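Chemist: next comes the sequence, and after it the predicted model I'd like to discuss.
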Amino acid sequence: MLLVALEMASPCPPGGPLSFGSCASVRPLAIAVLAIATAVYVVGLSAVRAWTSGLRRRGVADAGAARDWYVLAAVLGVPIAPLLAFTLVSALR
C-alpha cells in the first residue's frame, strides 16, 4: 500500500515514463483499477472459501484440501485480479 501511495504522489516527469502522480487522465483510472482489483480479489477468495466449506460439509474434502485450494486461489489471484480490473475499467470507460 505504501508503494501505491508513493506512486500516486509522484509527479509525471516531462517526456518521461507515465506516472500516476499529477496526470489528470491516469489518476482516476489508477484509483478505479485498485478499487476493483481489491473487490475482485476479496470476492474471489470469499467464493473459494464458500465452495470449500460446502465440500467439507458434504464430506468430499478435508481441512487440508480446503486450505490448499484457498492458498492456490490467493496466490493466483494476486496477478489475475489487477489484470481483470484493468480490463473491466478500460472497457467501461
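Modeler: Okay, I see it.
Chemist: any chance you could list what contacts stretch 44-58?
Modeler: Residues from elsewhere that reach stretch 44-58 (CB atoms under 8 Å, 6 or more residues apart in numbering): 61-63, 65-66, 69-70, 73-74, 77, 81. Heads up, the C-betas are built off the backbone N, CA and C, glycines and all.
Chemist: show me which of those residues is closest to L6.
Modeler: Closest approach between those and L6, by CB to CB: A81, at 20.7 Å.
Chemist: setting aside sequence neighbours, what's the nearest residue to A63?
Modeler: Once flanking residues are discounted, A63 sits nearest to R56: 6.9 Å by CB to CB, 6 or more residues apart in numbering.
Chemist: now do the helix or strand encompassing T38: distance to the chain's middle.
Modeler: Using DSSP states H and E, T38 sits in helix 27-58. Relative to the chain's own centre, helix 27-58 is displaced by 8 Å; criterion: CA atoms, centre = their mean, to the nearest Å.
Chemist: give the next helix or strand downstream of that helix.
Modeler: Following helix 27-58 in sequence order, the next helix or strand is helix 63-92 (DSSP H and E).
Chemist: for that next one, list every residue counted as buried.
Modeler: By 16 or more other CB atoms under 10 Å, the buried positions in helix 63-92 come out as 66, 69, 73, 77, 81-82, 84-86, 89.
Chemist: so where's this structure uncertain?
Modeler: Scanning the chain for pLDDT under 70 picks out 1, 3, 7-8, 11-27.
Chemist: ok, the most far-flung residue of the chain relative to its centre - contacts?
Modeler: Within the chain, G59 marks the point farthest from the mean C-alpha position, 31.3 Å out by CA atoms, centre = their mean. Going by CB under 8 Å, 6+ apart, G59 touches no other residue.
Chemist: V48 versus that one, what's the distance?
Modeler: Counting by CB to CB, to the nearest Å, the gap from G59 to V48 is 19 Å.
Chemist: can you check T87 too?
Modeler: 21 Å.
Chemist: circling back: of all the contacts of stretch 44-58, which two lie farthest apart?
Modeler: Counting by CB to CB, the most remote pair of those is D62 and A81, 27.6 Å apart.
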